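[1] Just the structure for this:
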Amino acid sequence: ARIPRHGFAMELALLTAGLLFGLQVCVAWRGAARWPRRRRLGGLVAMGALTYLPLAALRVEWPGMAGFFAGSILILGPAKTSWVLFAFAIASMLVAPLGLGMDAGDATYLMFASLSSGLTVFAVYQLRLVAKRAQGASVQLAQLTSARERERFSMDLHDILGYSLSAITLKAELTRKLVGSDPALAQDELAEVVELARQAALDVRLMA
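    As a prediction, this is how the structure comes out:
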């Protein structure tokens, strides 16, 4: 009921609310914590202006709207001072409405609504980070498992084929020596070479 009915005032109020929400989406979903310092500071200044513009120009109090700005301070602000700046932003939702002549109960409601929405913004952002870290960890675990399986397969293949090929080599050398002196024995050895080769091929197919 306290929102001005003038068309320009309503348009300005809705425009600032929409822009503020759009900036909040960019901060939460576009990796804003990794932005350059100047860009993060510019984003906070823009959100601060959109938060306090309706309050200063139109005397329109938005329940919880300062929470977007305060939550973004925790996301983009310096680690050492972000919680202090967060507290100032929340406290401003008590001091400013009281300065505009609002009832103390309503001003207190605005402050707690902003506190609730600010903590919610920060919690959702942290939850998304945890989900991304968990997803990255699962991908790394899958890659590590795959690498270990390939290593195990290559070791098993090396052991089986190494034994078979060594036996075939020895049998072939013996067969070559026996071809002139004992052809019958050489033929038996050659038959064993063929059997070893077939067994090696069967082992490879079983492993694959």
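[2] Select the longest helix from this structure.
    helix 104-181 (DSSP state H).
[3] Now do it, average pLDDT.
    Helix 104-181 comes out with an average pLDDT of 83.
[4] Skip ahead from that helix and say which helix or strand is next.
    Using DSSP states H and E, the next helix or strand after helix 104-181 towards the C-terminus is helix 183-207.
[5] quick check, distance from that following helix to the centre of its chain.
    On the basis of C-alpha atoms, centre = their mean, to the nearest Å, helix 183-207 sits 54 Å off its chain's mean C-alpha point.
[6] and that helix, what does it pack onto?
    helix 104-181 (3 or more C-beta pairs under 8 Å, 6 or more residues apart in numbering; DSSP states H and E). Every residue, glycine included, has its C-beta placed from N, CA and C.
[7] residues contacting the residue nearest to residue 172 when sequence neighbours are not counted?
    Excluding the flanking residues, the one nearest residue 172 by C-beta to C-beta, 6 or more residues apart in numbering is residue 193, at 5.7 Å. Shown in contact with residue 193 (C-beta atoms under 8 Å, 6 or more residues apart in numbering): 168, 171-172, 175.
[8] Then residue 133?
    Residues near residue 133 by C-beta under 8 Å, 6+ apart: none.
[9] In the protein, which residue sits furthest out from the middle?
    In the chain, the greatest distance from the average C-alpha position (C-alpha atoms, centre = their mean) is reached by residue 181, at 73.6 Å.
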